[in-house]
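Participant: With the sequence up front, the predicted model follows.
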Amino acid sequence: MFSLDRLRALHLVATHGTVAAAAAVSHVTPSGVSQQLAKLERETGHKLLEADGRGVRLTPAGEVLAGHAARILGDVATARAELDALGSAVAGPLRVGSFSTAIMTFLPRALVSLRERHPRTRTTVLAGEAEEMLAGVRTGELDLAVVESWEELPTVLPAGLTAVELLADVADVALSVRHPLAGLSVVELDRLADTPWASWTGDGVCHQFLVQTLRQRGFEPDISCHVAGYPAQLALVAAGLVAALVPRLGRGPLPDGVRALATRPVLRRKVLVAHRSGEAVRPVVVAGVAALRDAVAEL
């Protein structure tokens, strides 16, 4: 009989590529993950992982067991949801994954409202990228994932998940008032081919969207600044160093020296909340979705 914790450790390593990343997601030490995997190898009698540069890769036996692990963890999450659904009370844990802008705007309001309506709920929040948040919902590590889905770079839902649209949003181009095009109200993106850009750190959705959008307009973007967070990007725009694509959600007042221009074509995204599909959706999950929708309606 294989331990669920050990199967979960293998699944996380298979998903994230390194023991360190798996440990960070599961909030344990890398040595703790390694010990779980070593015990699993002894239980199976097979080597499951092998070194691959700075990371690890699954052996053929590891691939087989990781596939089963994903299905088993999904079945366990479904069983837990069905048992929880037997009671009508809205209570228990609600684990929410979200992108940072939602955490800065409507998510806190939603969680406060949920706690006031249902004092027996216990909420936790984890910030991250859409792919890892949705994977967490799929395996039962999270209950809800608040993600963004750009019209030109849509987020793909894994099998077994359902998404509810919370709001529609638009991105504008932020330029320094000293930029030659700052006097326009609408700008075609190809006119900014010679302008340096700010983008996010890493290779997440925001960075991918910026690069793909500008490449589709016929040029390779000159990304001179990689910084996390739109306020930091806008500070660089105000200094006249870069342009930035900034969604309207959570943008707040622009710094002095910055203008926001609408784009042609318009850059649209949806903000979604995803949860596991099925008839036995836990009452606290239903209540969480309702609280999110109410909080967005108040924006």
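Facilitator: Everything's here; your move. Numbering: from 1, shown residues only.
Participant: Any stretches of the stretch 51-200 of the chain with poor pLDDT?
Facilitator: Low-confidence segments of the stretch 51-200 of the chain (pLDDT under 70): 78-88.
Participant: tell me the contacts of Glu294?
Facilitator: Actually, residue 294 is Asp. It isn't Glu. Residues counted as contacts of Asp294 (C-beta atoms under 8 Å, 6 or more residues apart in numbering) are 110, 113. For the C-beta atoms, the positions are set from N, CA and C on the backbone; glycine is no exception.
Participant: Am I right that it sits in a helix?
Facilitator: Yes - using DSSP: H, G, I helix; E, B strand; the rest coil, the secondary structure at Asp294 is a helix.
Participant: unless I'm mixing things up, Asp5 is touching Gln36, no?
Facilitator: Yes - the pair formed by Asp5 and Gln36 meets the contact definition of C-beta atoms under 8 Å, at 6.0 Å.
Participant: More neighbours: those two, which one.
Facilitator: Each of Asp5 and Gln36 has its neighbours counted (other C-beta atoms under 10 Å); Gln36 has more, 23 against 14.
Participant: does that one belong to a helix or a strand, and which?
Facilitator: Element membership for Gln36, per DSSP states H and E: helix 30-44.
Participant: Show me which positions of that helix end up buried.
Facilitator: Counting neighbours by 16 or more other C-beta atoms under 10 Å, one finds that the buried residues in helix 30-44 are 32-34, 36-37, 40-41, 44.
Participant: Closest one of these to Trp200?
Facilitator: Distance ranking of those against Trp200, using C-beta to C-beta, places Val33 first at 27.4 Å.
Participant: Test my guess that the closest one contacts Leu10.
Facilitator: No - with contacts counted by C-beta under 8 Å, Val33 stays clear of Leu10, the gap being 9.3 Å.
Participant: count of neighbours near His226?
Facilitator: When neighbours are counted by other C-beta under 10 Å, His226 registers 13.
Participant: Need the phi and psi values for it.
Facilitator: Its backbone dihedrals place His226 at phi -120, psi 100, with angles given as degrees, to the nearest 10.
Participant: measure Pro265 to Ala171 for me?
Facilitator: Using C-beta to C-beta, to the nearest Å, we find Pro265 at a distance of 11 Å from Ala171.
Participant: For these two, indicate the residue with more neighbours.
Facilitator: Ala171 (24 against 12).
Participant: pretty sure that one is touching Leu267, no?
Facilitator: Yes - under the criterion of C-beta under 8 Å, Ala171 lies in contact with Leu267, with a separation of 4.2 Å.
Participant: Name the residues contacting each of those two.
Facilitator: Taking C-beta under 8 Å, 6+ apart as the contact definition, Ala171 and Leu267 share the neighbouring residues Leu245.
Participant: need the next SSE after the helix holding Gln36, C-terminal direction.
Facilitator: Scanning forward in sequence from helix 30-44, with DSSP H and E defining helices and strands, the next element found is strand 49-52.
Participant: Name the next helix or strand downstream of that next one, please.
Facilitator: The first helix or strand that comes after strand 49-52 along the chain, using DSSP H and E, is strand 55-58.
Participant: which strands and helices sit next to that following strand?
Facilitator: When contacts are defined as 3 or more C-beta pairs under 8 Å, 6 or more residues apart in numbering; DSSP states H and E, strand 55-58 packs onto helix 4-16, strand 49-52.
Participant: Could you rerun that using 7 Å?
Facilitator: With contacts defined as 3 or more C-beta pairs under 7 Å, 6 or more residues apart in numbering; DSSP states H and E, the packing partners of strand 55-58 are strand 49-52.
Participant: Report the strands that pair with the strand it packs on, each with its relative direction.
Facilitator: Each strand that pairs with strand 49-52, with its direction, by DSSP bridges: strand 55-58 (antiparallel).
Participant: domain parsing for the protein?
Facilitator: According to automatic domain parsing, the chain comprises the domains 4-83, 91-166+270-297, 168-268.
Participant: tell me the most buried of those domains?
Facilitator: domain 91-166+270-297 (a mean of 19; mean count of other C-beta atoms under 10 Å).
Participant: Could you pull up phi and psi at His179?
Facilitator: Per degrees, to the nearest 10, the residue geometry at His179, taken as phi and psi, is phi -70, psi 140.
Participant: no no, Gly288
Facilitator: Note on Gly288: backbone dihedrals following degrees, to the nearest 10 are phi -60, psi -40.
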